[in-house]
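A.B. asks: pasted the sequence and its predicted model underneath.
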Amino acid sequence: MPDFSQVSPEPSLTPSGQDLAPFNTLGLPARADAFVTLRSVDQLNALSDLVSQYPGLLVLGGGSNMVLPTHIDSLVARVALAGVHLIEARSDAWIIEAGAGENWHDFVAKCVEHGWDGLENLALIPGTVGAAPVQNIGAYGVELADRFSGLTAWHVHQRQLVEMSAAQCGFAYRDSVFKHDAPGTWIIVSVRFALPRPWRAVLEYPDLQRHFGLAGSGRAGASTSTKGVTPTARSVFEAVCQIRRDKLPDPAVVGNAGSFFKNPLVDATARDALLAQHPGLVSYPQPDGRYKLAAGWLIDQCGWKGKQLGRAGVHDRQALVLVNKGGATATDIMDLAAAIQRDVAARYQVTLDPEPIVWRDSGKK
Ligand code: EPU
């Protein structure tokens, strides 16, 4: 396995207090009593030694999918394992391995630069490589699981590095085993991707169809657009960046955690009943016969887009994104989320599940 250490630090880890506001993209005030940065796989044993002294372990990547409380007495480990390597140039796929601490977007950009194409639809997603499998990130018709080859993770209690296949990771829509096993069980160390060769553009998503002039042409999957351009991995990468910048707030400017709710899955009977009552309902058929409802549409229809409650608000161009209006705490965000959930349930009889991990600490001092 390649060495994902940036420098060669001492294997020991000394926890110190840390303000986590800069380490969560919602920009919530959060103070950790004990914080360490993991820069080398050589430090994993030291981390396991430390864990028993604390009520829990919070593993932090880019903090882009987390709602943090104001005080955290668990040990917080920020994963900063670096490195991107071409493992194998197979005739049917590029196999690329990246350290869990790599910034996701920079990694995607690097792959496109090298001609290792296939991740471009996932451009500009905030967070790290190691966080990507946890929620099986997905956007514009591609999910991490579609490009996944395997990963290496440290089992914190058994103190061993474990190789995991896609089946072992249990990927589903915004879901994996890492969201179900007790928090602090696993530290993802590196992720391997299989990027299929020859490359094929994935342009079925409506926003991309429109961007490339394929919309309404009945040419889903066509390789040349009515605008006369043949999409390349680079142009798809740039299109995705532009589409996201147009409707999603930049966490560096406005605190947010991307989509705050998952798009709910309902069976065909429920979807048909809703559609009869609400003809504008946006829904997408799933391979298993169920339908995914556009949660952003449901929230928008309830009148929440651009609205504010306390110091938390709903983004004015994408109702699925909750934003920090300045000085918000986890309580502000969760109060707004609860109000939205109540309205959507009352009007559409649909339960919205939060997408980010909501960290609840032990409360011990
Ligand atoms: N819509 C509205 N009002 C809104 C927002 C959306 O009417 O305020 C409608 C749109 O017009 C569209 C539909 O809802 O018809 C879906 O909206 P959009 O295409 O923006 O995608 P989404 O389903 O809201 C999902 C992902 C995003 C991902 C996009 C593109 C989830 C929870 N979210 O959003 O992921 O970028 O598709 O693939 O699955 C994220 O997870 O953080 C994230 C941004």
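C.D. replies: Good, I have the coordinates.

A.B. asks: which strands and helices lie in contact with the helix or strand of the chain with the lowest mean pLDDT?
C.D. replies: Lowest on mean pLDDT, DSSP states H and E among the helices and strands of the chain sits helix 206-211, with a mean of 94. Contact here means 3 or more C-beta pairs under 8 Å, 6 or more residues apart in numbering; DSSP states H and E; on that basis helix 206-211 packs against helix 233-247. The C-beta positions use only the backbone N, C-alpha and C, and glycine is treated the same way.

A.B. asks: show me what from the stretch 51-200 of the chain comes close to the ligand.
C.D. replies: Neighbours of the ligand within the stretch 51-200 of the chain, by C-beta under 6 Å from any ligand atom: 139-140.

A.B. asks: the closest residue to the ligand within the stretch 51-200 of the chain - how many residues pack around it?
C.D. replies: The nearest approach of the stretch 51-200 of the chain to the ligand comes at residue 139, 3.7 Å away (C-beta to the nearest ligand atom). By the criterion of other C-beta atoms under 10 Å, residue 139 has 20 neighbours.

A.B. asks: so it sits against residue 240, correct?
C.D. replies: Yes: at 7.2 Å, residue 139 and residue 240 qualify as touching, with contact defined as C-beta atoms under 8 Å.

A.B. asks: list residues touching both of the two?
C.D. replies: Common contacts of residue 139 and residue 240 (C-beta atoms under 8 Å, 6 or more residues apart in numbering): 121-122.

A.B. asks: the residue of the stretch 51-200 of the chain closest to the ligand bridge partners, please.
C.D. replies: Listed by DSSP bridges, the beta-bridge partners for residue 139 are residue 142.

A.B. asks: what of residue 314?
C.D. replies: residue 322.

A.B. asks: on the pLDDT front, check it for me.
C.D. replies: As predicted, residue 314 sits at a pLDDT of 98.

A.B. asks: just residue 111 next, same as before
C.D. replies: 98.

A.B. asks: pretty sure it sits in a helix.
C.D. replies: Yes: using DSSP: H, G, I helix; E, B strand; the rest coil, the assignment for residue 111 is a helix.

A.B. asks: ok, back up a step: in the least confident helix or strand of the chain, what's buried?
C.D. replies: Residues of helix 206-211 classed as buried by neighbour count (16 or more other C-beta atoms under 10 Å): 207-209, 211.

A.B. asks: okay, those residues in TSV with distance to the ligand next?
C.D. replies: Shown next, in TSV, are the buried residues of helix 206-211 (distance: C-beta to the nearest ligand atom, whole Å):
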residue	distance to the ligand
207	6
208	9
209	11
211	12
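
A.B. asks: distance to residue 45 added to those, as CSV?
C.D. replies: Listed next are these as CSV, based on distance: C-beta to C-beta, whole Å:
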residue, distance to residue 45
207, 46
208, 45
209, 50
211, 48
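
A.B. asks: in the chain, where is pLDDT below threshold?
C.D. replies: For the chain, applying pLDDT under 70 flags the ranges 1-10, 216-228, 363-365.
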